[in-house]
Every structure is written in C-alpha cells, then in structure tokens.
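1. this is a predicted model, with the sequence first.
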Amino acid sequence: MTSRHAKVFVLDMFHETGLAGSLGAILESSAGSTIRLQRESWSFDEFRYNNGRFLDLVSSFDPDVIFLVLDQLEREQLQELMAMVCGSLRQPAIVVSGGAGPDQIVEILKLGATDFIVPPFKPNDVLPRLWRVLDQRRNGDPLALVLKKKLGLEQLVGESSAFLSEIQKIPLVAQCDASVLITGETGTGKELCARAVHYLSPRSGRPFIPVSCGAIPSELVENELFGHIRGAFTGAHAPQPGLIREADGGTLFLDDIDCLPLQAQVKFLRFLQEREYKQLGSTKTNRADLRVVAATNINLENGVRDGRFRQDLFYRLNVIPINLPALRDRREDIPLLAHHFLAKYSRDFGKECRGFSPGAMARLLGHGWSGNVRELENVIERAVVFAGGTVIRRGDIMLHVPPAADSCASSESFRMAKARVVEQFEREYIEGLLKTHRGNITRAAQAAEKNRRAFWELIRKHRINMDAIKTSQM
C-alpha cells in the first residue's frame, strides 16, 4: 500500500469539549499515512482581533486542509469566520461541530465548507473524508464528473419556492459526507433526489445502490444488507457479499427506512457508528466507506415516539433533512412538469406531441394528485400513447379519479367509489382508442381485444359522441 502524506491545520474554537484532541489523535495515529498536524485553540473574539496572525500561521505551515472545530455561533459570527477561512485561503475547510442544527449545517456548506463532520466520530468517519477531499482537490473536476452533475439535477423539475427551497440544498450537501434523510409523500421524487445527491458528489464515479426496505421480508433484511458466508445457514451454498459491500466507495440509498426491523436497526446503527460490520456466519470484521441517504414517506419522529424506530438511529440519519413537498403544494409546477414529461415520452414513443389544449391543462391543474409527480408522469405517458395529434386534448387526460369527485371520495362507500372509478376509466379508455384510430370502431375494438359488438355496446353505454370524436381528428 502506498503511504499517504498530508499537512493538516486544526483551528479549535470549542476547546472545552476536547473534540480537537480526539480529532488530532485520530489524524496522528493514521496507519500507513504520515500526517503533520498543527493545532491552534482560539475563541471567536481572539480570532476576530487576530485574524492577521491566523493568516500568517496558515501561510507559514501551508497545510493541505483546514479543520474548524466549532461551537454554536451567531449567524454574523459564522459568516465572518467562514469568509476569512474559505474566502481568504485556498485550502479546503472541513467543519467539525456537534452544536449545529440542519439549517446551520446547510448554511456552513453554503458559506464554503467542503465537508461537515458530526461527533462522536471514529477514524473511519474522518480519514476517508480527508483523503477524498484531498484527492478531489488534486484531481480537479474531470469532464465525466461535469456530465454527471448535469445528470444529477436535470430530472428535478420545478420553479416553486416550496420546491426550490429544498432542492437548492442538494449541490451543497452533496459535497460533504453527512447522512441525509429525505422525507415526502409517495411519488414526490425521493429516489431522484437521492440520485442527485450521489451524482453531484465526489462519490459519483462509484456505485449508487438503492434498497427498498419495505420490499425485503423482515427475516432477510440483515442478510441483504450485510451478506453471508458459505454455510452460514441452511441453503447458503455460496457466499453473498451484501449490499453494503456493493455500495463501498459510493452511496447506499435506503428507501422506506421506516420499514427496517428493530433488530436490523441495531446492527445498522453500529455500522454507521463504526463503519464496520460482520457478514452472517463470519467472525471477520469488514469495513466499508460509503455515504448513507435514507428516505421515508412517514413522520419518523412519530415512529420514535411509538417505539417502532430507534431514536439514536434517527439522529444518525437526520443530520441533513430534505423534505420534498407534495404536488398539491406546488401546483404552479404542474405545467412545467407536464411539458417535461410530454417531451420525454414524445421522444421515447416517436410522437410529435408539442403541447396541451386549454381544456387538458385545466384538467391537470384541477386534479388532486394524491400520487404526486409519479402519478402525473403516468398520466402524461398514457396521454402521449393515445394522442391522435400534436396537441394533448382534454379527452387524452385519463385520470383515475375525476377532479370533481376528489372531494367526495371520502363520503361514499367502497363499492360506489370503485364503480365510479371503473366507469370513468372505461369511458376515457374507449375515447382514447377511438381518437388513436380516428373513429374506426373495428380497429379500436381490435386494439382493446374485444369483438366489434361488445366494443360498440361500450360506446353506447358511455354515450360517446362519435361525431365529436371524428371532428376532433379533422
């Protein structure tokens, strides 16, 4: 193994805790590496009135990276400190603080910090991040990474303030290795957000491993995450590395983290703390250097109160929260999203759909979107398939629940609601086929895999105006 070298300057502005001492001990005891360390302990006032001396010390030592050990600071103090360290010096700065909340972490990254570490920490929390920061600095920003940065954000479409206030965090938090917890209803784009964090990060060239915790039987979760050796249990005829091993160097995305069984939560918490784990049936300790991004569509704090989710694991995951708003809370983004998906599926299906009629757009804007962006995408995909021209019309928009019925759904029986939805689907499906085949009943019936008589009965049942269908195609 090639020996690594680094010069590290530690500015300790929170010396009462001993954090800087722990950090220094980790850096100085790094196996296979030579780290020269200079540590200075100053209060904020001492720094403010002696910043010239600070610059002289840094210039004289010429470190590769600067660690800032901080307590809670007022916003103005933080801005002044970061402006001096990140604005006046060329070295990357890594901030260590246990007193900063999620908003302040984002603010620190926005002010120029390269990474952020939350104590308590172990060598595996510190050293890989130090080397990654230095490698990134030395290697620059290759073209491949630039392309991946574009890939990371291009799928996150929206201009509403509710959306942008959360999405603007992504380029900042991507550069650090802190855990991220993404919350939001089903269909709001949590996995897209997690992928953006990965592709904008220094880990973008390594694997992104998505795991749906809710899709794995509870008795198999530990095996999927940590893997097993041959003979670990009956049927274990071959070793399995596990998803943590597959994600080594990259990002592990745990969707539906609330579904993680309590026993697995204990073991995963230990992994987050130590960055070490054992495969099932093995006594060998393995290490993994990866970033964890988790997601949930429920309020995890309620899960903590109910005893279904460990509080210590919640705090480990919720270092930087990102809350994606529901589509109903960002209705101004519906036209933008609709045109985005229209362009995508027109290209995929070789269609020439270029826009929406006023009636079609009004229908999109009037819907409740309980399935959020995913539901909207499905509706637009279906509309493109059935569109008979270059403009998506009101009849092309097939909604599972009509806008006028959204508000009454809670007051009707299951049988009535099901009958209403089926009837609505039938009508819109038949209309869509007729438009696609320009009013030709025989061809539409063949596409529906029904005989012509049965198809005609459906037309009569729903009182579909064939003249209007034919006129709309002219």
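-> Structure's in. What do you need?

2. could you use CA atoms for every contact and neighbour count after this?
-> Noted.

3. can you give me the helices in the stretch 251-400 of the chain?
-> 262-274, 300-305, 311-317, 334-349, 358-366, 372-386 (DSSP state H, counting those that start in this stretch).

4. and the fourth one, what does it pack onto?
-> Here helix 334-349 touches helix 358-366, helix 372-386, going by 3 or more C-alpha pairs under 8 Å, 6 or more residues apart in numbering; DSSP states H and E.

5. can you list contacts of the longest one?
-> Just to be clear, that refers to helix 372-386. With C-alpha atoms under 8 Å, 6 or more residues apart in numbering as the test, helix 372-386 has contacts from 185-189, 326-328, 338, 341-342, 345-346, 349, 351, 353, 369, 392, 396-399, 432-433, 435-436.

6. which of the helices of the stretch 251-400 of the chain is buried the deepest?
-> By mean neighbour count, with neighbours taken as mean count of other C-alpha atoms under 10 Å, helix 372-386 ranks first of the helices of the stretch 251-400 of the chain at a mean of 21.

7. okay, angle between it and helix 358-366 too, please.
-> 160 degrees (axes from the mean of the first three to the mean of the last three C-alpha atoms, to 10 degrees).

8. mind exporting the C-alpha coordinates of helix 372-386 to CSV?
-> This file holds the C-alpha atoms of helix 372-386, laid out as CSV (Å, rounded to 0.1, in the frame of the first residue of the first chain):
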residue,chain,number,x,y,z
ASN,A,372,-47.8,13.3,-6.8
VAL,A,373,-45.3,13.6,-9.6
ARG,A,374,-45.2,9.9,-10.3
GLU,A,375,-49.0,9.9,-10.9
LEU,A,376,-48.6,13.0,-13.2
GLU,A,377,-45.9,11.3,-15.2
ASN,A,378,-48.0,8.2,-15.7
VAL,A,379,-51.0,10.3,-16.8
ILE,A,380,-48.8,12.2,-19.4
GLU,A,381,-47.2,9.0,-20.6
ARG,A,382,-50.7,7.5,-21.2
ALA,A,383,-51.9,10.7,-22.9
VAL,A,384,-49.0,10.6,-25.3
VAL,A,385,-49.7,6.9,-26.2
PHE,A,386,-53.4,7.7,-27.1
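
9. quick one: average confidence on that helix?
-> Averaged across helix 372-386, pLDDT comes to 93.

10. the inter-axis angle of it versus helix 334-349?
-> 50 degrees.

11. pLDDT-wise, which helix or strand of the protein ranks last?
-> Using mean pLDDT, DSSP states H and E, the weakest-scoring helix or strand in the chain turns out to be helix 143-154, at a mean of 47.

12. let me see the residues that make contact with the helix or strand harbouring Leu225.
-> Element membership of Leu225, judged by DSSP states H and E, is helix 221-226. Contacts to helix 221-226, defined as C-alpha under 8 Å, 6+ apart, come from residues 213, 241-245, 260-261, 264, 277-280.

13. need those in JSON lines (columns: distance to Asn286 and pLDDT).
-> Below are the contacts of helix 221-226 laid out as JSON lines (distance: C-alpha to C-alpha, whole Å; pLDDT from 0 to 100):
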{"residue": "Cys213", "distance to Asn286": "22", "pLDDT": "90"}
{"residue": "Pro241", "distance to Asn286": "11", "pLDDT": "87"}
{"residue": "Gly242", "distance to Asn286": "11", "pLDDT": "90"}
{"residue": "Leu243", "distance to Asn286": "13", "pLDDT": "93"}
{"residue": "Ile244", "distance to Asn286": "10", "pLDDT": "94"}
{"residue": "Arg245", "distance to Asn286": "9", "pLDDT": "93"}
{"residue": "Leu260", "distance to Asn286": "22", "pLDDT": "94"}
{"residue": "Pro261", "distance to Asn286": "22", "pLDDT": "94"}
{"residue": "Ala264", "distance to Asn286": "17", "pLDDT": "94"}
{"residue": "Tyr277", "distance to Asn286": "5", "pLDDT": "92"}
{"residue": "Lys278", "distance to Asn286": "6", "pLDDT": "92"}
{"residue": "Gln279", "distance to Asn286": "8", "pLDDT": "90"}
{"residue": "Leu280", "distance to Asn286": "12", "pLDDT": "89"}
